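# how does the following fold in three dimensions:
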Amino acid sequence: MGTDISFHISRTAILALDCQAGIVSIYVQPPEEFLKRASSVLAAARQAGMTVIQVQVGFRPSLPEVSSRNKLFAGLKANVQHQQLFQGAAGAIHPALGPEPEDIVVTKHRVSAFTGTDLEMLLRANEIETLVLFGIATSGVVLSTLVHAFDSDYRTIVIGDCCADRDMELHSALLDHLFPKRGEVLTADQFVMALQSAQALAEDRGKE
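Here you go, the predicted structure:
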């Protein structure tokens, strides 16, 4: 993981993926350090004027969006108790992370943040070229969204220590081997430092 990276703030969006209260409580124990890192990343992005997009999982009553052919979500549709994970306070974005009024919120019904949502339109409308990703789970929404973004020619950055997964071996393999082949992998501190450098460079250019 390196720090020798730069980006244009106005053409970069940060995507916080599935950081809902119930999901955080299941995947991250204890959650305090994870939330502290993720919160610092979002705070720095907002302060810099970067586009912040919060992506969450959500369904209509009775889950009409879910097909019986979908192995993952069909089980959710058949289990009312599991559906409660995406309802009410449990289904809301964790309060430590937002959303703030200026954040864009996208609700999805599949694993990828792109499938069936207006995310692509939002990125085009805001002339976004670089996507900074983090969230839960590493082998779920982060992987699926990263692969789609890479194939769509977005430049991608994953904040590794703001991702979580219950399969730690798979989590590590993705961060160490697959993700670096699709983009950059940084820590929260490295991203904040790179963002501060980008801000300073933009300010210097503005003085010229």
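
# what lies in contact with the regular element (helix or strand) spanning residue 161?
Assessed by DSSP states H and E, residue 161 sits inside strand 155-164. Strand 155-164 is contacted from outside by 1, 5, 7, 27-28, 34, 37-38, 41, 129-138, 142, 146, 149-150, 171, 175, 179, 182-188, 191, using CB atoms under 8 Å, 6 or more residues apart in numbering. Glycine gets a C-beta too; all of them are placed from N, C-alpha and C.

# repeat for stretch 31-43
14, 16, 19, 24-25, 28, 52, 94, 96-98, 134, 159, 161-162, 164, 188, 191-192.

# show me what the lengthiest helix in the chain is packed against.
As assigned by DSSP state H, the longest helix anywhere in the chain is helix 188-207. If you count contacts as 3 or more CB pairs under 8 Å, 6 or more residues apart in numbering; DSSP states H and E, helix 188-207 packs onto helix 32-48, strand 155-164.

# those into JSON lines, with extra columns for distance to residue 107 and mean pLDDT?
JSON lines is the format used below for those (distance: least, CB to CB, whole Å; pLDDT from 0 to 100):
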{"stretch": "helix 32-48", "distance to residue 107": "18", "mean pLDDT": "97"}
{"stretch": "strand 155-164", "distance to residue 107": "21", "mean pLDDT": "98"}
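
# who wins for proximity to residue 103 among those?
Of all these, helix 32-48 sits nearest to residue 103, with 7.8 Å by CB to CB.

# so which residues of the protein form helices?
Counting by DSSP H, the helices of the chain are 21-27, 32-48, 71-77, 80-83, 88-91, 119-125, 143-151, 168-173, 179-182, 188-207.

# which one of those has the poorest average confidence?
Mean pLDDT is lowest for helix 80-83 among these, at a mean of 79.

# wait, doesn't residue 202 sit right on residue 9?
Yes - look at residue 202 against residue 9 with CB atoms under 8 Å: they come within range, at 6.5 Å.

# residues in contact with residue 57?
Neighbouring residues of residue 57 by CB under 8 Å, 6+ apart: 18, 20, 23, 86, 91, 107-109.

# neighbouring contacts of stretch 17-27?
Contacts for stretch 17-27 (CB under 8 Å, 6+ apart): 31, 34-35, 38, 54-57, 84-86, 89-95, 97, 113, 133-137, 140-142, 145, 164-166.

# please spell out the ChimeraX selection for the buried subset of these.
In ChimeraX, this line selects whichever of the contacts of stretch 17-27 come out buried by 16 or more other CB atoms under 10 Å:
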select :31,34,35,38,54,55,56,57,85,86,91,93,94,97,113,133,134,135,136,137,140,141,142,145,164,165
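
# export the longest helix of the chain to PDB, keeping only CA atoms.
Output in PDB follows, covering the C-alpha atoms of helix 188-207 (Å, rounded to 0.1, in the frame of the first residue of the first chain):
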ATOM      1  CA  ALA A 188      -7.600   5.600   6.000                       C
ATOM      2  CA  ASP A 189      -4.600   7.600   7.100                       C
ATOM      3  CA  GLN A 190      -2.900   7.300   3.700                       C
ATOM      4  CA  PHE A 191      -6.100   8.500   1.900                       C
ATOM      5  CA  VAL A 192      -6.500  11.500   4.200                       C
ATOM      6  CA  MET A 193      -2.900  12.400   3.600                       C
ATOM      7  CA  ALA A 194      -3.300  12.100  -0.200                       C
ATOM      8  CA  LEU A 195      -6.500  14.200   0.000                       C
ATOM      9  CA  GLN A 196      -4.700  16.900   2.000                       C
ATOM     10  CA  SER A 197      -1.900  16.900  -0.600                       C
ATOM     11  CA  ALA A 198      -4.500  17.200  -3.400                       C
ATOM     12  CA  GLN A 199      -6.100  20.200  -1.600                       C
ATOM     13  CA  ALA A 200      -2.800  21.900  -1.100                       C
ATOM     14  CA  LEU A 201      -1.900  21.500  -4.800                       C
ATOM     15  CA  ALA A 202      -5.300  22.800  -5.900                       C
ATOM     16  CA  GLU A 203      -4.800  25.900  -3.600                       C
ATOM     17  CA  ASP A 204      -1.300  26.500  -5.000                       C
ATOM     18  CA  ARG A 205      -2.700  26.300  -8.500                       C
ATOM     19  CA  GLY A 206      -5.400  28.800  -7.600                       C
ATOM     20  CA  LYS A 207      -2.800  31.300  -6.500                       C
END
